[in-house]
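1. need a structure here:
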Amino acid sequence: MVSLAITTLRFRSGQASGSAPLSITPKRLVLFVGPNNSGKTLGLREISHLILGREVTPKVLESISIDLPRNADEAFELLLPFKLRDVGPDEILVRLKTSGFGEGGGFQGQQISKTDLGDWLASANEQPIRSMLVGLYLLGLDGPNRFQMIGPYQTGDLKALPDNHLAALFKDDHARARLRSIVHDAFGEYLVIDPTPAP
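-> As a prediction, this is how the structure comes out:
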């Protein structure tokens, strides 16, 4: 199985005042715990911006290392869970995120071929690969986003192009199973998403 992973997070400071900068190798689930205004959400936002290759002046993070696909076949495999339909040989229409952590946003369709992926990987510019692949696998649940998720929303047409992560989960059995497994491993609870409208 091809993987896409953060291999190292290096912070500007340590676990306590005056301690050496903290460097961690994230596992499947990383939990940031701390008092209000200690930099948890800011750190997650900086991770999102640095992963996506956006310009940011980090206050919490020093650097981030990411394992990206080594070739076009691996990159293409990572896009398959987001495939809307085949367009041609080795070319698909995928749903791509239009925003980063804590920005709300939705998805848009884009045609991607193995040739495009190979060209991007061969160039010194990782930006298209980072924005596309990592953005698809990034879901930020900061305070405002968590509370927005528990409110009732219009279901919309579940056969149409998804316009948010929850709608996308209804169309992707594999992603739903992986998320259910992560939630169960972390909390011992099962994730349930109910598409029926509230009374």
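
2. how does the protein divide into domains?
-> 5-67, 72-136 (automatic domain parsing).

3. Do me a favour and get the end-to-end distance for the last one?
-> Just to be clear, that refers to domain 72-136. Domain 72-136 has an end-to-end distance of 17 Å (C-alpha to C-alpha, to the nearest Å).

4. burial measure for residue 78, as a count.
-> Counted by other C-beta atoms under 10 Å, the residues lying close to residue 78 total 21. To be clear about C-beta, it is placed using only N, CA and C from the backbone, and glycine gets the same treatment.

5. again, but for residue 41
-> Here the number of neighbours of residue 41 (other C-beta under 10 Å) works out to 19.

6. now it, what's its secondary structure?
-> For residue 41, the assignment made with DSSP: H, G, I helix; E, B strand; the rest coil gives helix.

7. do residue 10 as well
-> Per three-state DSSP, the secondary structure class of residue 10 is strand.

8. Could you measure from it over to residue 130?
-> Counting by C-beta to C-beta, to the nearest Å, the separation of residue 10 from residue 130 is 18 Å.

9. How about residue 55?
-> Remark: distance between residue 55 and residue 130 (C-beta to C-beta) = 13 Å.

10. following the helix or strand bottoming out on mean pLDDT in the chain, which helix or strand comes up?
-> Least confident element among the helices and strands of the chain, by mean pLDDT, DSSP states H and E: helix 143-149 (a mean of 64). Sequence order places helix 165-171 as the next helix or strand after helix 143-149, per DSSP states H and E.

11. now for that following helix, which elements pack on it?
-> For helix 165-171, the packing partners by 3 or more C-beta pairs under 8 Å, 6 or more residues apart in numbering; DSSP states H and E come out as helix 173-187.

12. Need the contact partners of the helix it packs on.
-> 28, 29, 31, 81, 168, 169, 170, 189, 190, 191, 193 (C-beta atoms under 8 Å, 6 or more residues apart in numbering).

13. For it, what is the distance to the chain centroid?
-> 14 Å (C-alpha atoms, centre = their mean, to the nearest Å).

14. All good on my end, thank you.
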